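Asks: any chance you can model this:
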Amino acid sequence: MKIREAKNRLEAEAHERAAEEQRQRDAAETERQAAGKKRCGNEPAPVDPTPADKSQTNFTDPEAKIMKRSNKGSITATTGRSWWTASTKSSWPRK
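Replies: This is a model prediction of the structure:
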């Protein structure tokens, strides 16, 4: 069940990225046509809406992202908001 949810999440993210890429390409093409310029080079490859073969996701925390490190390893990174609670707000130094 978790694997199916993770796969669906990866596919949804890939579809969103592909839709955004297509919107950017369409806007650039419209701008190019409005300026009366021709496309340089070959026609670009179509946008692929499938996730990459090495796409990964975190099963326990879907918002955590896997980021590459300079030593060719990887680390799971979050936004850092999880430690911010009501108790830490009251103890935060005031100006």
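Asks: which residues touch residue 6?
Replies: 57, 59, 62 (CB atoms under 8 Å, 6 or more residues apart in numbering). Yep, even glycine has a C-beta here, placed from its N, CA and C like the rest.
Asks: which of those residues ranks first by neighbour count?
Replies: Greatest neighbour count in these, by other CB atoms under 10 Å, goes to residue 57: 16 neighbours.
Asks: now do the SS call for it.
Replies: The three-state label given to residue 57 by DSSP: H, G, I helix; E, B strand; the rest coil is coil.
Asks: re earlier: pick out whichever of the contacts of residue 6 sits closest to residue 70.
Replies: residue 57 (22.6 Å; CB to CB).
Asks: by mean pLDDT, flag the weakest helix or strand of the chain.
Replies: Least confident helix or strand of the chain, by mean pLDDT, DSSP states H and E, is helix 86-91 with a mean of 53.
Asks: strands along the chain, start to end?
Replies: With DSSP state E as the criterion, the chain has strands at 65-68, 74-77.
Asks: where does the protein have low pLDDT?
Replies: 72-95 (pLDDT under 70).
Asks: again, 80 this time
Replies: Residues of the chain meeting the criterion pLDDT under 80: 58, 60-95.
Asks: which residues touch residue 13?
Replies: By CB under 8 Å, 6+ apart, the contact list for residue 13 reads 51, 55.
Asks: quick one: the nearest residue to residue 58 once chain neighbours are set aside and residue 51, what's the gap?
Replies: Spatially, and ignoring its direct neighbours in sequence, residue 58 is nearest to residue 64 (4.4 Å; CB to CB, 6 or more residues apart in numbering). As judged by CB to CB, to the nearest Å, residue 64 and residue 51 stand 17 Å apart.
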